[in-house]
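Enquirer: Here you go, sequence then predicted model.
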Amino acid sequence: MHTVVIGVIGADVHAVGNKIIEHVLNEHGFNVVNIGVLSSQEDFINAAIETNAKAILVSSLYGHGEIDCRQMKDNCVEAGLSHVKLYVGGNIVVGKQDFKEVEDRFKKMGFDRVYPPGTNIEEAIEEIKADLT
Amino acid sequence: MSIHLLVDFGSTYTKLTAVDVEEEVIIGTSKAMTTVKTDVLEGFNTALEKLENAHPKMGEISAVSACSSAAGGLKMAAIGLIEELTAEAAKRACLGAGALVNHVYTHHLSKKEIKALKSAAIDIVLLAGGTDGGNKECIIHNAKKLREAEIEVPIIVAGNKDAADEIETIFDDSKIEYYIVDNVMPKLKELHVKAAKDVIRKIFITKIIEAKGIKKAEEKTGEIIMPTPESVLMAAELLAKGYEDEEGYGELMVVDIGGATTDIHTLGRGYPKRTEVILKGLQEPFAKRTVEGDLGMRYSANALLSLVSPYEFKKYYQYEDESNIEASAKKRSEHVDYLPDNDQEEAFDAALARICCDLSVSRHVGTVEVVYTPLGNMYYQTGKDLTEVQYVVGTGGVLIHRKDAKQILSEVTKKSNKKLELRPEDPKILIDEHYILAAMGLLSQKHPKLALKLLKRHLK
């Protein structure tokens, strides 16, 4: 059973999607460590270390995700988590932007996969499963 | 008459409390210097004689219970993975069991740390790290290092259960005395300290008491059942929760200002009181104890002065003449049995006590931090919200003997420059005038209801 850390980053309190993601991941056999809303990079990283997680799934819905996720990969590497996969999804940038560009930017920041708003969660789960095996 | 004698072998005094279990009254208390260096029973016998002389009709003692913080109390080292998570959980288990924790290590133990650990004056090591099913590489590494260093004190392993078998193999063919118990943090941020606390107490009773030369007392007192601070915490928990139809006082705080340390105990969940507050960090124990090793009236008087600037000190001390401040502090740390002999020295003691109280409460209580979100201001709360604590109980020599103890304790509510601290706002202040808290913790093991009644009657 793979352990994954999920949560909502930054000063973002959107709790509903976070609960749905937890529910669906549980149903698909993941060991879900949900650190909830208003979480900092440090919270994600500390949780991943203690629980020996294979992936960190960052949610953001309020538009400031790009700022909140800066240097997250570097911080993971610094904390000995270079092997941990990084995912991000939601309304992760300000306003309506071309998703391809957004995806490129986040990939450059070290995220393994980037999901736009309205992604079907089952789709994402298939990819996560494939990545972790 | 059925007399239950309660004994506290303290670092300075051996204190006795005699309770008549049938009449439900405290017959009397007495104390004498603790005599660990010669024969611990000397002090006990002196105190008992005093008690018997003062109450000649006391009658036969039918039961004795004892606790001890003599010969340095119980000292532990806590090892975890992340400072705020398993290391903190391990530390809280030690504190809750009545230990003093001066050594906390995180991540992989280095040679330097192992060397420091080996030469440190500690009685037990608590080794944690990883949630159940989580990281086990770190705790296994640390177990190997402890084994290589041939640590001579008992090691309690309370980390990731997946690592337990391997750690057993590491320690098995060595001289290391070890105990494997439930993880102190089985899931992220979930605190689970009971199993660790139980084994700490077991080791304390069977080994530590003997190593410190207090075992001999058991000829007279029966088994010494716990460290004194744990006993105080138990009394406080009983007073907060109540017992059967005898109601408790609800959320409360105990401030214990001693010669070397200041202990704060709080009983209560400390959950956020408002909906826009989000709780962060490791789960808080219902009965929480923190110990400040740099805040005390005598041994720590010098260390205490270094924590406040001269300007700040004057806020607590009304004398204009400040030339004697350092000398007064020095006098106290060099002569730990010093008692003030003039008004200025009295005022100096009051100032020290106020600082102990103020700073130790600051370090114990939770804090809030504002987060500006698009939905308005939200708050992070770290630690316990103690704003609605109903009672603050003061104990320890300085508070018991001073007439202005309640004014000193009013520091608990000080908010002036600490707006983000969740300190009690309007508690009733009680003083443990007869020094019975630890004794009632002991009594509660057999007569919880009586202990509770006596606490309610005598804390004023």
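Expert: Structure's in. What do you need? Since the structure is predicted, the reported quantities are computational estimates derived from the model, not experimental observations.

Enquirer: all strands of chain A, in order?
Expert: Assigned strands in chain A, in chain order: A:3-8, A:31-34, A:55-60, A:85-90, A:113-115 (criterion: DSSP state E).

Enquirer: Could you dump these into CSV with mean pLDDT added?
Expert: As requested, these are exported to CSV (pLDDT from 0 to 100):
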stretch, mean pLDDT
strand A:3-8, 97
strand A:31-34, 97
strand A:55-60, 97
strand A:85-90, 96
strand A:113-115, 97
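
Enquirer: So which of those strands is nearest chain B?
Expert: strand A:31-34 (5.2 Å; Cβ to the nearest Cβ). For the C-beta atoms, the positions are set from N, CA and C on the backbone; glycine is no exception.

Enquirer: And the closest one, what does it pack against?
Expert: Using 3 or more Cβ pairs under 8 Å, 6 or more residues apart in numbering or on different chains; DSSP states H and E as the contact criterion, the elements in contact with strand A:31-34 are strand A:3-8, helix A:16-27, helix A:41-51.

Enquirer: Can you lay out the strands of chain A as CSV showing distance to A:Ile49?
Expert: Formatted as CSV, the entries for the strands of chain A read as follows, by distance: least, Cβ to Cβ, whole Å:
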stretch, distance to A:Ile49
strand A:3-8, 10
strand A:31-34, 11
strand A:55-60, 11
strand A:85-90, 14
strand A:113-115, 21
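
Enquirer: Of all those strands, which one is nearest B:His108?
Expert: Closest approach to B:His108 among the strands of chain A (Cβ to Cβ): strand A:3-8, 21.0 Å.

Enquirer: about what we covered before: chain B: which of the helices and strands packed on strand A:31-34 is closest?
Expert: Checking these against chain B by Cβ to the nearest Cβ gives helix A:41-51 as the closest, at 3.9 Å.

Enquirer: Which positions within that closest one qualify as buried?
Expert: Within helix A:41-51, the residues that qualify as buried are A:41, A:43-51, counting by 16 or more other Cβ atoms under 10 Å in any protein chain shown.

Enquirer: who touches stretch B:417-431?
Expert: B:252-253, B:270, B:361-362, B:365-369, B:381, B:383-395, B:399-400, B:405-406, B:409-410, B:412-415, B:459-460 (Cβ atoms under 8 Å, 6 or more residues apart in numbering or on different chains).

Enquirer: Also stretch B:267-277?
Expert: So stretch B:267-277 is contacted by B:236-237, B:239-241, B:250-253, B:278-279, B:284, B:286-288, B:366, B:368, B:376-381, B:383-389, B:422 (Cβ under 8 Å, 6+ apart).

Enquirer: starting at the chain centroid, how far to it?
Expert: Between the centre of stretch B:267-277 and the centre of its host chain there is 23 Å, according to Cα atoms, centre = their mean, to the nearest Å.

Enquirer: do the same with stretch A:65-76
Expert: The chain centroid and the centroid of stretch A:65-76 are separated by 11 Å, computed with Cα atoms, centre = their mean.

Enquirer: Please save the CA atoms from that stretch in CSV.
Expert: Provided in CSV are the C-alpha atoms of stretch A:65-76 (Å, rounded to 0.1, in the frame of the first residue of the first chain):
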residue,chain,number,x,y,z
GLY,A,65,-0.6,28.3,-5.8
GLU,A,66,2.3,29.4,-8.0
ILE,A,67,3.7,31.5,-5.2
ASP,A,68,3.0,28.9,-2.5
CYS,A,69,4.7,26.2,-4.5
ARG,A,70,7.9,28.0,-5.3
GLN,A,71,11.0,26.0,-4.4
MET,A,72,9.0,23.1,-3.1
LYS,A,73,11.0,20.6,-5.1
ASP,A,74,14.3,22.2,-3.8
ASN,A,75,13.0,22.0,-0.3
CYS,A,76,12.0,18.3,-0.8
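
Enquirer: Just the buried residues of that stretch, please?
Expert: Of the residues in stretch A:65-76, those scored as buried under the neighbour-count criterion (16+ other Cβ under 10 Å) are A:65-66, A:68-69, A:72-73, A:76.

Enquirer: If you tally nearby residues, what's the number for A:His83?
Expert: The tally of other residues near A:His83 (other Cβ atoms under 10 Å in any protein chain shown) stands at 9.

Enquirer: Give me the distance between it and chain B.
Expert: Noted for A:His83: a distance of 12 Å to chain B, by Cβ to the nearest Cβ, to the nearest Å.

Enquirer: Could you report the pLDDT at whichever residue of the stretch 251-400 of chain B sits closest to chain A?
Expert: When Cβ to the nearest Cβ is the measure, the stretch 251-400 of chain B has its nearest residue to chain A at B:Thr373, with 4.2 Å between them. pLDDT, the model's per-residue confidence, is 83 for B:Thr373.

Enquirer: quick one, what contacts it?
Expert: So, once contact is read as Cβ under 8 Å, 6+ apart, B:Thr373 ends up touching A:11-13, A:38, A:62.

Enquirer: As TSV, the residues you listed with distance to chain B would be great.
Expert: As requested, those are arranged in TSV below (distance: Cβ to the nearest Cβ, whole Å):
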residue	distance to chain B
A:Ala11	4
A:Asp12	7
A:Val13	6
A:Leu38	5
A:Tyr62	5
